[in-house]
Structures are given as C-alpha cells and as structure tokens.
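> Got a predicted structure here, sequence first:
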Amino acid sequence: MNYKHIIFDIDGTMLNTETADMLATQETFFQLTGEKRELDEFRFSFGIPNSVVFPRLGIEDAGKASLMWAENYRKYHSSIRLFDGIEEVLKELKKRGYILGIVTSKSRQEFNADFATFGLEHFFGTVICVDDSPRPKPHPDPILEYLKRSNAKKPESIYIGDTLYDEQCAHSAGIDFALAVWGTHNREEIKADYFLEAPLEILELFRSR
C-alpha cells in the first residue's frame, strides 16, 4: 500500500447532511406531486445526484425539481454538521504529506454553498463536482476526471465514501475504495477494500509517508 492521493466524498463522509438531504427531497416531492411520503422512503436518495433521484421518483423534469430541492435544502442547512474528527484527520493527513482531493455528487454551486462554509476547502487540491464530468457516480467518469486533472496514478490513489455508488465509481475507475462506515446504511452490499468504523481510523490506515 503506497497511496499518495486520498480522495474524499462529502455527504455522509465528511459532512452529516442526511437529515437536510432527505427533508429537502421529501418536501420537493410533495410540492410537485401533492403526495406525502414517510421520510425514510427517501433514504435511497442520499449521496445520489438529483438528476438520478427525481426520475426514480417518477418526476420527469429533474432540472426543475433540482432547483426546488436546492431552495428547500437551504432551509435545513443549520442541521448539517462535520462528523467528529474530520478536521483533525485532514490536518494530520496534510502534515503527513498526502495529497487530498474531493469527488462529490454536489454541483459546484452546492459545493460552494454547503461545504465551503465549513472552511475546509484549503485542505484540498483538485475538487470534482457532478458538473465536471460527463456522467455521475456510479460511472467512473468523476474519478477518472480527478486522475486526469491531478496527474495522479491509479495505484497511488484511493477513494473514501459511504455509498454503493461511491464504491462502484472507484472500482470501475480502477482505484481502491475505503468505506466510511459511520455514514452508510448498507454496509453488507458494499465491496470495499477497507472498512473504516470512525473518521480517526483513517489515520491508522494512512501512516506517515
């Protein structure tokens, strides 16, 4: 194991955004259909681009739905939190000489509005948002775009995420994957190379270079 690039997902990995995400999806669905559904029915949508989520819910105009979702999401922004230990992990990884990057299903606008407010963006070099590659996760395109822009080699790169889509994206792009168990709900379905129970375990996996 000789990794150089550690690539992070955002939602469910660094940020606990699940409540805000599902509430926004629930509210948007109700506004567009008039149908009330239990919050848990929208759990599948977490970490998946809205362009995929809303067609699955039977809403054809995903663009309109996404704009409404963004407005609703802002209502619940105060519920978003960093997972315990994340900032400490990022500081230490940089100190140890690793190159940190991001591959996220957020749009660039969402990234600037949500993640950047936590003041962590300076830890990262290359940031790939959903609008930076032809196809979103689980396709390999976002990871491949990261590798291209950062001049990273596959054997020296690893992706840390919390969903099946994250795992599929990493492995289809030909790099290793570590599962952020603290943010996942379907551990049994995910074929990770490493299972990390808590953020601080990242430091145990990636020793000083």
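That came through fine. Numbering: from 1, shown residues only.
> what residues are up against Arg74?
Each residue near Arg74 by Cβ atoms under 8 Å, 6 or more residues apart in numbering is listed here: Ala113. (Each C-beta comes from the backbone N, C-alpha and C, glycine too.)
> Any buried residues in the host helix or strand of it, and which?
Under the criterion of DSSP states H and E, Arg74 resides in helix 62-75. By 16 or more other Cβ atoms under 10 Å, the buried positions in helix 62-75 come out as 62, 65-66, 68-70, 72-73.
> ok, Phe44 - how many residues close by?
16 (other Cβ atoms under 10 Å).
> With Ser78 as the reference, measure out to it.
24 Å (Cβ to Cβ, to the nearest Å).
> Gly174 too?
39 Å.
> Ok, Phe124 next?
Phe124 is 24 Å from Ser78, by Cβ to Cβ.
> So between the two, which is more surrounded?
Phe124 (17 against 8).
> just checking, the more buried one touches Ile102?
Yes: using Cβ atoms under 8 Å, Phe124 is in contact with Ile102, at 5.2 Å.
> hey, what's in contact with both of these two?
In contact with both Phe124 and Ile102: Phe8, using Cβ under 8 Å, 6+ apart.
> who touches stretch 96-106?
Contacts for stretch 96-106 (Cβ under 8 Å, 6+ apart): 3-11, 47-49, 90, 93-94, 111, 114-115, 123-130, 136-137, 142-143, 146, 150, 152, 159, 165, 169, 206-209.
> next one: it to chain centre, how far?
Distance of stretch 96-106 from its chain centroid, counting by Cα atoms, centre = their mean, to the nearest Å, is 11 Å.
> So what's the model's average confidence on that stretch?
Here stretch 96-106 scores 96 as its mean pLDDT.
> The longest helix seen in the chain: which residues count as buried?
Counting residues, the longest helix found in the chain (DSSP state H) is helix 18-33. Under the neighbour-count criterion of 16+ other Cβ under 10 Å, helix 18-33 has 18, 20-29, 32 buried.
> Could you do stretch 38-54 as well?
Judged by neighbour count (16+ other Cβ under 10 Å), stretch 38-54 contains these buried residues: 42, 44-50, 52-54.
> returning to that earlier point: what's the angle between the helix holding Arg74 and helix 18-33?
130 degrees (axes from the mean of the first three to the mean of the last three Cα atoms, to 10 degrees).
> and the next element down the chain from helix 62-75?
Using DSSP H and E, the helix or strand that directly follows helix 62-75 along the chain is strand 81-82.
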